[in-house]
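**Student:** model this:
(chains A and B)
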Number of protein chains: 2
Amino acid sequence: MLAIGLMSGTSLDGIDAALVKINGYGTETAVQLMEMVTLPIDEELKERIKTACDPVESNVPLICQLNTELGYQFLKACQILCQKAGIEEKSIDFVASHGQTIWHSPDSDPAKNSTLQIGEPSIIAYGLQTKVVADFRVMDMAAGGQGAPLVPYTDYLLYQSDSKNRLLQNIGGIGNVTVLPKSGSLNELYAFDTGPGNMVIDELMVQLFGQPYDAFGETARAGAIIPTLQKELRTHFYLSQQPPKSTGRELFGKHFVQQLLTKYPEAAPEDLVRTLTDFTAFSIADSYQRFIFPQLGTNDLEVILSGGGAHNHLLIELIQGYLPESVAVGTQDDIGGSNDAKEAVAFAILGNETLHSRVNNAPAATGAAQGVILGKIIPNPWEAKM
Amino acid sequence: MLAIGLMSGTSLDGIDAALVKINGYGTETAVQLMEMVTLPIDEELKERIKTACDPVESNVPLICQLNTELGYQFLKACQILCQKAGIEEKSIDFVASHGQTIWHSPDSDPAKNSTLQIGEPSIIAYGLQTKVVADFRVMDMAAGGQGAPLVPYTDYLLYQSDSKNRLLQNIGGIGNVTVLPKSGSLNELYAFDTGPGNMVIDELMVQLFGQPYDAFGETARAGAIIPTLQKELRTHFYLSQQPPKSTGRELFGKHFVQQLLTKYPEAAPEDLVRTLTDFTAFSIADSYQRFIFPQLGTNDLEVILSGGGAHNHLLIELIQGYLPESVAVGTQDDIGGSNDAKEAVAFAILGNETLHSRVNNAPAATGAAQGVILGKIIPNPWEAKM
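**Tutor:** Now for the predicted structure:
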């Protein structure tokens, strides 16, 4: 089967579309990345998405308009991908779309939790003449889970090892880790959001330098740690919260950065970026020290980084610095996976499981009461019978 | 098959849940109403839903919270229905849920149209241990349609006659009519929103009398027409707009009523209700005069009223008064259907068509470029394979 996985992360660094050949399902899944594109989100649209995420500034017409607009952006990403790969759009068997998260608010009481991913999948289905699987997070939440993280299930299918404990650390807008104990079963994996990924760094870069991100960490490298801020950040309540846990723009978005800038008005911009890059690295390593090493130790342990943050050299150095020397730190590319396509491929795999009526959440990671089938299926509207 | 259809209209007068036995599909559909309940929406929740519909006051956390909350309300309606009918929840084969519309903004350019129905269907699927079909309007819009009206398709399946021209007039929050020419095919039906249904009357009753609606039209009956207002209302641009057309709270919601009250501060409350009841009746009859009678004439013609407005005796009298004497006006109950369950039953039928991969929009009614399969399918999460 030919499938497209679509992912647009909270960091808003673009719409990733991955074309994969996928066969089988479950642990028999064979997936091969054929082609990938990232469709940038232009600044004007990005600003409106951020407004739609804002608890005060957001409103229903904006959210609805963006649902349509992003639907067409996702469709466009699929079309560009097909063109780049030289295949007919009609040869796609299905698309699996994560959508753009504009709100994610897990709660231990399922009646109070909520999440919203927009980018209308019906538009993709109609435009590409294919079936679509979308809206993966809500069912996990209905089952009492946090609706995140979802990639651990595919990490398990693809990266489970009999000789190594593996930590799959994604650094998108938010940082999240999947822990795959060697020879472990699906119920033995666990996963959680470690804290901010690129979200805080990116927002600082926008506000202080008018740039979308800190390329390779060069801006942070030019700055110095602000000791009082470093100390303060390390007391953030999220660090000590017990997994399973997940977070997002609600905790580490614009409001968080605004508070920083208000509290440290005279700090040098580079120093702020440096200190927050340090906090991001620290939050990752600190999560391991608190919630992973006590169980697994630090031997036979690989950390595999993915996501945009895997391009931030300083961030990687800092993470390494905070970890024991015995821990190997590499990127997804080092082990034959594609770093940039990882999440998009993961959603193609999740969609494939949905279409096979299979459990595709990892309750050990999300906290759900049970395994469920994630996602809503949008039938191919062009295959309608009269 | 046993199915539940769920409808919660823009008038917010309650969640209708209809239990039906349904067999076959298409024109072979046999549907039998077994039981029905209406779960009232309490005032506090109603106010928050109205806020979520407001282009200014709405915000993303409120919308998301209501999506969850209404999901549980819809689940509760299903549970009460099963209990009332004395059947096991697990015996339900599927639920079809319309959701609560909080925004509906059709546009001739599909890239600019949008609609949003909330009340998370995953919560129903998980709670009732069944599959759910939901979110019917978006696919029609992706195909260039107005996403409304959707009931004409089921009107066609159920009420098509070889001896009568039939006008199926629903009076919910909004008024809408399906025109079924005698011996006509699916492509010959047409349908459109006639204008306000109970929406304006209800809002006036809330603001002026602290009551949710005008029972049997008694309040209006006690009032007199305000001639200047009557005249002004009849110039409303929506009346002359060519079908296909649809409308909602955007045109006839709180803002519309606020403007009225600001412009006529000294009018007697009963007179306002009377004049707006008159306008509602006029808008229905006027639609027929403009867009239906020129084609069909007024002989062999039945008007069949349904929805909450079919309980407003004055409204029915006024409609009759505005129509030629040859036109028969009755209610759904008169022809063996259930007035109050009509829309809920319609969505059960639409969901059944979705599950049979069948076209279930009526492009002649919605303006869509083609027939498509409406709705998203949420698999039964309890049937997940490991």
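
**Student:** who's in contact with residue A:216?
**Tutor:** Under the criterion of CB atoms under 8 Å, 6 or more residues apart in numbering or on different chains, the contact partners of residue A:216 comprise A:311, A:312, A:313, A:314. Bear in mind the C-beta positions are built from the backbone N, C-alpha and C, glycine included.

**Student:** 10 Å - rerun?
**Tutor:** Contacts here follow CB atoms under 10 Å, 6 or more residues apart in numbering or on different chains; on that basis residue A:216 touches A:311, A:312, A:313, A:314, A:315, A:316.

**Student:** who does residue A:18 bridge with?
**Tutor:** Per DSSP bridges, residues listed as beta-bridge partners of residue A:18: residue A:5, residue A:36.

**Student:** just the pLDDT at it, thanks.
**Tutor:** Residue A:18 carries a pLDDT value of 97.

**Student:** now do residue A:222
**Tutor:** 97.

**Student:** one more: residue A:217?
**Tutor:** Per-residue confidence for residue A:217 comes out at a pLDDT of 97.

**Student:** quick one: the residue nearest to it when sequence neighbours are not counted and residue B:305, what's the gap?
**Tutor:** Setting aside the residues directly before and after it, residue A:217 is nearest to residue A:314 in space (CB to CB, 6 or more residues apart in numbering or on different chains), at 3.0 Å. From residue A:314 across to residue B:305, the span is 71 Å (CB to CB, to the nearest Å).

**Student:** rewinding a little: return the member of the contacts of residue A:216 nearest to residue A:168.
**Tutor:** For the contacts of residue A:216, the minimum distance to residue A:168 (CB to CB) is 14.8 Å, reached by residue A:316.

**Student:** re the thing from before, who's more crowded, residue A:314 and residue B:305?
**Tutor:** Neighbour totals were compared for residue A:314 and residue B:305, and residue B:305 leads with 26 against 21 (other CB atoms under 10 Å in any protein chain shown).

**Student:** can you tell me the SS state at that one?
**Tutor:** The three-state label given to residue B:305 by DSSP: H, G, I helix; E, B strand; the rest coil is strand.

**Student:** isn't it up against residue B:340?
**Tutor:** No: between residue B:305 and residue B:340 no contact is recorded; they are 12.0 Å apart, counting by CB atoms under 10 Å.

**Student:** which neighbours do those two have in common?
**Tutor:** Residues touching both residue B:305 and residue B:340 (CB under 10 Å, 6+ apart): B:311, B:332, B:333.

**Student:** count of neighbours near the first one?
**Tutor:** What it means is residue B:311. For residue B:311, which is what you asked about, the neighbour count (other CB under 10 Å) is 19.

**Student:** how about it, phi and psi?
**Tutor:** Dihedral pair for residue B:311: phi -90, psi -10, per degrees, to the nearest 10.

**Student:** okay, the closest residue to residue A:200 other than its chain neighbours: pLDDT?
**Tutor:** The shortest distance from residue A:200 to any residue other than its chain neighbours is 5.0 Å, reached at residue A:276 (CB to CB, 6+ apart). Each residue has a pLDDT score; the one for residue A:276 is 98.

**Student:** next SSE downstream of the helix or strand containing residue A:276?
**Tutor:** Secondary structure assignment for residue A:276, by DSSP states H and E: helix A:269-291. On the C-terminal side of helix A:269-291, the nearest following helix or strand under DSSP H and E is helix A:293-296.

**Student:** for the longest helix seen in chain A, buried residues please.
**Tutor:** Counting residues, the longest helix in chain A under DSSP state H turns out to be helix A:60-85. Neighbour-count burial for helix A:60-85, with 16 or more other CB atoms under 10 Å in any protein chain shown as criterion, is recorded at A:60-75, A:77-79, A:81-82, A:85.
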